[in-house]
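A.B. asks: structure for this input, please:
(one chain, ligands or ions: 1)
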Amino acid sequence: MTLADLGLPDGVAERLHEEGIESLYPPQAAAVEAGLLDDESVVASVPTASGKTLVAELAMLSALERGGTALYVVPLRALASEKQAEFERWTDLGYEVGVSTGNYDADGEWLASRDIIVATSEKVDSLVRNDAPWIDDLACVVADEVHLVDDTERGPTLEVTLAKLRALNPGLQVVALSATVGNADDVARWLDAELVESTWRPIDLKRGVHVGSAINFEDEGRREVSVPPGGRQTSALVADTVDEGGSALVFVNSRRNAESAADRLADVVAERLPDGERAELAGVAAEIRDDSDTETSADLADAVARGAAFHHAGLSPTQRSLVEDAFRDRLVRCIAATPTLAAGVNTPARRVIVRDWRRYDGDYGGMKPLDVLEVHQMMGRAGRPGLDPYGEAVLTAKSTEEYEDLVERYVEAEPEPVRSKLAAEPALRTHLLATVASGFARSREGLLEFLGRTLYAEQTDGRGELTRVTDRALDYLAANDFLERSGSDGGELRVTSLGHTVSRLYLDPMSAATVLDGLAWAEREDREPTPLGLYHLVARTPDMYRLYLKSGDRETYTEVADEREDELLGPTPSEFDDVAFEAWLSALKTARLLEDWANEADEDRITERYGVGPGDVRGKTEAAEWLLGAAESLAGEVGSPTAPVRDAKRRVADGVTAELLPLTEVRQVGRKRARRLYERGIERRADLREAAKSTVLAALQGRRRTAERVLENAGRPDPSMDGVDEADEGGSAPEHGFARASSDDTGNADDGQSSLGDF
Ligand code: ADP
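C.D. replies: A predicted model of the protein is given here:
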C-alpha cells in the first residue's frame, strides 16, 4: 500500500517520504485496513521493531485532523523523552508536542495547549484524578506496550486509566500496541477494538542456543563459534560479532553482573577497535565521568573508553542516553544490560545474547526462569534494518541437557498470556479510593459496574471474585477513615476529606495510614519528629522501595535502631517477628541514606556506603521528597505540626543541613555552591545582594557566567561580573561540627553542579 493512496492528513505522506518511508509495512497496512485512520480502536500485537510507532502516529495524526487531542501513554519515564523527540517532527505540520512524566506532581494545565501529549500511565491517572480539563478533548489514546497490564506493580494503573478514559469519553479511539502475546484477543475484546496480529519483522531473526563450539539455530542452521580453553561463551560470541563488524547486546540478571560483564567484554572489544575510534570513545568516557563522580560512573567510563558499556537503572539519565547514543552510532560495540533495556528503548544490535535466563526472586525463593515474553522481547532487539543482513538472538547452554531445556523453554515456546493484576490489594485499594473520590462511582454497585469495564472483569468469570476483593478493599478504606459507608446495606459510598487528600496526593492508602499512625504516635508520646524519624516513617510505606539488607546489615542496623530508638515514630517490632523486623531495619537503612544526604555527605561516599548507584540516590531522595510533601499535607489535614515535616523534606530535597536552606532556595545554588558561599559568610539570599562580588566569584570558583546568574536569581540589581577579580582565598578556615561534603573542590570542569548531587 503506498502512502499517497491512504488519504493521510496533509503533509504527512510527504514528510514520511522524506524519511525514506515509501509504503507501509504489512502489519501497519493491516491496522489501516482495520480502520486505524477512521476512528476505529485497534490492538496491534506485533514483534519489536515492526513499526508500531508509525501505527500510533498515523492514528494520532488522523485524530488531530478530525479535531481533538492525542495522548500517548508510555510505560517508563525513560521512554517519554525518546517518544517526544520522535513526535516532534510533526511540529512542522503545526502540531505541538508536550511531555509530562513527573510522577509526583499533579500540575498539568499547560498540557491543554498541546496536540500530542506523552505521559506515563501514573501521570495520566493522576491527571484524571485532578480533573485535568483537556482529558475531555481527547480523540485518540495510544497505549504503548499494553502487555504490561500483566505487571504486578504498574499494570493495574494502566488498566484502570484506560478504563477511566473510555468511561469519560465514550467515543475515544484506543490504539493499544503490544508485543506478541498469547491472548491479544482478550485485550481486543476488553477494549472493543479490532485485532491486528502478526509475526512479520522487517529483518529476519534467527534464534538459537550456543552450546559447545557452535550456535544451533532453530532453522537447523549452525554457526561455529568456538570457545578457547578456559574462555567464556559470552566473550567468544561477542568477539565473533565484532570481528564481522556487528555489535552485541548481552542481557544479564543484575546490575553487578552487568558491570562485571561490561568490564570483561571491554577487553574483548578493545583489542578489535580501529585506532581512529579510541579518541572518540575517550570523549564519551569523559562526558560520563563529568556527569557524576561516583565509582559507577568511573567504571562505566573505563568500559566505554574500551568500546563496551553496561546499562541498568542505576545510571543517571544523562549517562543512559550517552551510552545509548554511542551504541547507535556504532562506537560502543557491546552493552551488558539488565532487562530494563529490553523494554522499549530503541538500541538494536546484530547479535543479542541472553546470558542469564534466571533471576533471583525472593517470593519464588531462588532463581526463577524469566517469562517467555520477556526473553522474546530481548531477542527482538536483534537486527538493525538496513545495517545487518539479519539479527541473531542467542541463549547460552553449558550442557546438552540445558541446551534442550532452553530450546523447549524459549526458542520453541509461545509467550504467556497476559493476565490482569488488578485484584492485587495495594492496587485495588488505591484505585477504588480514587474511583469514588473522583466521582466515577458513588456506590458499591456503581463501583462494581465501573470495574466491569476492566480487563480483570473480562478475564474472571462472573462477579463473585470481583465482589469479594472489592468488599475487602472497601472495608480497609472504611477502617482507616478514608471512606464512609452508609445506606441500609452500606452500599452508599462517600470519600472523607482525608480520603480525598490521600487520593489527590496519589498515595497508596496504606502509605497514608502508616504516615498518619506515625504522626499520631509522636503526638501521643510528646516527641518532636526528627528528620531521621520522618525518613524512617516514609521509608516504611509501600510507596518507597527500601534498600535491601546485605550480610552484616542486620547487626549494624539493629544497633542503629537501639541507639536511635527515641527518634523512630512507632514501637520497634519484636526481633522474633522476622518479616516486620527486617522491614523495619531496611527502612532504617534507607532512612540513614537519606539522612547522610541531608547532612551533605558526598554522593560517592553514599553510593559506596550503601552499595547503590547514583541513580538510586536520586530515586530515593525524590521519592522521600514526594512522600514528605504528602506527609506535610496529611499533617495539616489532621492538625499535627507541619514544620518538622517541611524541614525534613526541604533538607532531603536539596541535600543540605538546615543552615543552608536559605541559600539553596536561590535558583542555581545547589548543595556544593551553597556550602562554599556559606563558608565565606554568605548565609542567605539577602547576603548575595550585599556581598562583595569578588567573594561570590571566588565561592563559585571563578565561573563568571554562573556568578552573574546566581546574583540575578538572588535579585541583585547589578549582577555583572565585568572587571571583578576573585577574592584572595587565604585564611577562610570553616568550622563545622557536622559531617558534611568534603569541600576538596577539585575544580573539575563542571563545578560539581551537574553531578546528581545537584540534579
Ligand atoms: P517498534 O515500536 O515496533 O519496536 P519502531 O516503531 O521503533 O518499532 O520502528 C522500527 C524502525 O522501523 C524505525 O526506525 C522506523 O523508522 C522504521 N519504520 C517503521 N515503519 C516503516 C516503514 N513503513 N518503512 C520503512 N521503515 C519503517
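
A.B. asks: so which bits of stretch 218-235 are buried?
C.D. replies: By neighbour count on 16 or more other CB atoms under 10 Å, the buried set for stretch 218-235 is 225, 227, 232-235. Heads up, the C-betas are built off the backbone N, CA and C, glycines and all.

A.B. asks: and the ligand, which of those residues contact it?
C.D. replies: Residues of these in contact with the ligand (CB under 6 Å from any ligand atom): none.

A.B. asks: Throw those into a markdown table and include secondary structure and pLDDT, thanks.
C.D. replies: Shown next, in a markdown table, are these (DSSP: H, G, I helix; E, B strand; the rest coil; pLDDT from 0 to 100):
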| residue | secondary structure | pLDDT |
| --- | --- | --- |
| V225 | coil | 96 |
| V227 | coil | 95 |
| R232 | coil | 95 |
| Q233 | helix | 97 |
| T234 | helix | 97 |
| S235 | helix | 97 |
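
A.B. asks: farthest-apart pair in those, please.
C.D. replies: Taking every pair in the buried residues of stretch 218-235 and measuring CB to CB, the maximum separation is 11.7 Å, between V225 and R232.

A.B. asks: ok, residues contacting the one helix or strand L532 maps to?
C.D. replies: Using DSSP states H and E, L532 sits in helix 531-539. Residues outside helix 531-539 that contact it (CB atoms under 8 Å, 6 or more residues apart in numbering): 511, 514-515, 518-519, 522, 527, 529, 544, 546, 564, 567-570, 586-588, 590-592, 594-595, 598, 623-624, 627-628, 631, 644-645, 647-648, 651-652.

A.B. asks: tell me who's in contact with N169.
C.D. replies: 135-136, 138.

A.B. asks: avg pLDDT for stretch 329-342?
C.D. replies: Per-residue pLDDT over stretch 329-342 has a mean of 87.

A.B. asks: same check on stretch 101-109?
C.D. replies: On average, stretch 101-109 scores 59.

A.B. asks: also stretch 304-321?
C.D. replies: Rounded mean pLDDT across stretch 304-321 is 90.

A.B. asks: rewinding a little: are any of the contacts of helix 531-539 buried, and if so which?
C.D. replies: Buried by 16+ other CB under 10 Å: 511, 514-515, 518-519, 522, 529, 544, 546, 564, 567-570, 586-588, 590-592, 594-595, 598, 623-624, 627-628, 631, 644-645, 647-648, 651-652, out of the contacts of helix 531-539.

A.B. asks: show me what the helix ranked longest in the chain packs onto, helices and strands only.
C.D. replies: Using DSSP state H, we find that the single longest helix of the chain is helix 614-638. Judged by 3 or more CB pairs under 8 Å, 6 or more residues apart in numbering; DSSP states H and E, helix 614-638 is in contact with helix 497-504, helix 509-524, helix 531-539, helix 578-598, helix 603-610, helix 643-654.

A.B. asks: show me the contact partners of stretch 63-71.
C.D. replies: Residues outside stretch 63-71 that contact it (CB under 8 Å, 6+ apart) are 9, 39, 59-60, 95, 114-117, 119, 124, 134, 137-142, 165, 173.

A.B. asks: ok, which stretches of the stretch 151-300 of the chain are helices?
C.D. replies: Per DSSP state H, counting those that start in this stretch, the stretch 151-300 of the chain carries helices over the ranges 155-168, 184-190, 233-243, 255-270, 275-291, 295-305.

A.B. asks: spell out which residues of the stretch 51-200 of the chain are next to the ligand.
C.D. replies: 51-54.

A.B. asks: of those - the most surrounded one?
C.D. replies: Neighbour counts for these, by other CB atoms under 10 Å, peak at K52, which reaches 25 neighbours.

A.B. asks: thought that residue was touching S45?
C.D. replies: No - using CB atoms under 8 Å, K52 is not in contact with S45; the gap is 9.7 Å.

A.B. asks: okay, now D566: neighbour count?
C.D. replies: Residues contacting D566 under the criterion other CB under 10 Å number 9.

A.B. asks: same check, this time on D275
C.D. replies: Neighbour count of D275, defined by other CB under 10 Å: 6.

A.B. asks: contacting residues for it?
C.D. replies: Not one residue lies near D275 by CB under 8 Å, 6+ apart.

A.B. asks: related to what we said a few turns ago, pull out the buried positions in the helix or strand just after the helix holding L532.
C.D. replies: Counting by DSSP H and E, the next helix or strand C-terminal to helix 531-539 is helix 553-563. By neighbour count with 16+ other CB under 10 Å, helix 553-563 contains the buried residues 553-554, 557-558, 560-561.

A.B. asks: what's the mean pLDDT across helix 553-563?
C.D. replies: Helix 553-563 comes out with an average pLDDT of 96.

A.B. asks: stretch 252-264 too?
C.D. replies: 93.

A.B. asks: buried stuff in that stretch?
C.D. replies: For stretch 252-264, a neighbour-count test (16+ other CB under 10 Å) marks 252-253, 255, 257-259, 261-264 as buried.

A.B. asks: quick one: that stretch to chain centroid distance?
C.D. replies: Here stretch 252-264 is found 20 Å from its chain centre; the criterion is CA atoms, centre = their mean, to the nearest Å.

A.B. asks: go on, stretch 242-260?
C.D. replies: Here stretch 242-260 is found 21 Å from its chain centre; the criterion is CA atoms, centre = their mean.

A.B. asks: how about the residues of this structure by the ligand?
C.D. replies: Near the ligand, when you scan the chain using CB under 6 Å from any ligand atom, you find 21, 24-25, 28, 48-54, 346, 385.

A.B. asks: tell me the pLDDT at the nearest residue to G307 once chain neighbours are set aside?
C.D. replies: Leaving aside its sequence neighbours, G307 sits nearest to V269 (CB to CB, 6 or more residues apart in numbering; 3.7 Å). Note for V269: predicted pLDDT of 97.

A.B. asks: ok, V269 - contacts?
C.D. replies: 238, 242, 306-308, 333-334.

A.B. asks: then S586?
C.D. replies: By CB under 8 Å, 6+ apart, the contact set of S586 is 539, 546-549, 557.

A.B. asks: try it again at 7 Å.
C.D. replies: 546-549 (CB atoms under 7 Å, 6 or more residues apart in numbering).

A.B. asks: near G35, how many other residues are there?
C.D. replies: Residues within reach of G35, counting by other CB under 10 Å, total 15.

A.B. asks: does it really touch E194, like I thought?
C.D. replies: Yes - contact between G35 and E194 holds when scored by CB atoms under 7 Å: they sit 6.2 Å apart.

A.B. asks: related to what we said a few turns ago, closest one of the buried residues of helix 553-563 to the ligand?
C.D. replies: When these are compared for distance to the ligand (CB to the nearest ligand atom), D553 wins out at 40.8 Å.

A.B. asks: so that closest one sits against R592, correct?
C.D. replies: No - look at D553 against R592 with CB under 7 Å: they stay out of range, at 10.5 Å.

A.B. asks: pLDDT and secondary structure added to the residues of the stretch 51-200 of the chain next to the ligand, as TSV?
C.D. replies: As requested, those are exported to TSV (pLDDT from 0 to 100; DSSP: H, G, I helix; E, B strand; the rest coil):
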residue	pLDDT	secondary structure
G51	89	coil
K52	92	helix
T53	92	helix
L54	95	helix
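
A.B. asks: ok, so what distance separates P614 from R232?
C.D. replies: Look at P614 and R232: by CB to CB, to the nearest Å, they are 29 Å apart.

A.B. asks: what does the worst-scoring helix or strand of the chain on mean pLDDT rub up against?
C.D. replies: The helix or strand of the chain with the poorest confidence is strand 358-361; it has a mean of 82 (mean pLDDT, DSSP states H and E). Residues from elsewhere that reach strand 358-361 (CB under 7 Å, 6+ apart): 253, 367-370.

A.B. asks: ok, stretch 122-131 next?
C.D. replies: 71, 73, 100-101, 103, 106, 108, 135, 157, 160-161, 164, 434, 437-438, 503-504, 506.

A.B. asks: can you select the buried ones from these in ChimeraX?
C.D. replies: In ChimeraX, a selection of the buried entries from the contacts of stretch 122-131 looks like this (16+ other CB under 10 Å):
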select :71,73,100,101,103,108,135,157,160,161,164,434,437,438,503,504,506
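
A.B. asks: how about the contacts made by whichever residue of the stretch 401-550 of the chain sits closest to the ligand?
C.D. replies: Of the stretch 401-550 of the chain, the residue with the smallest distance to the ligand, taken as CB to the nearest ligand atom, is P415 at 15.5 Å. Each residue near P415 by CB under 7 Å, 6+ apart is listed here: 180-182, 372-373, 376.
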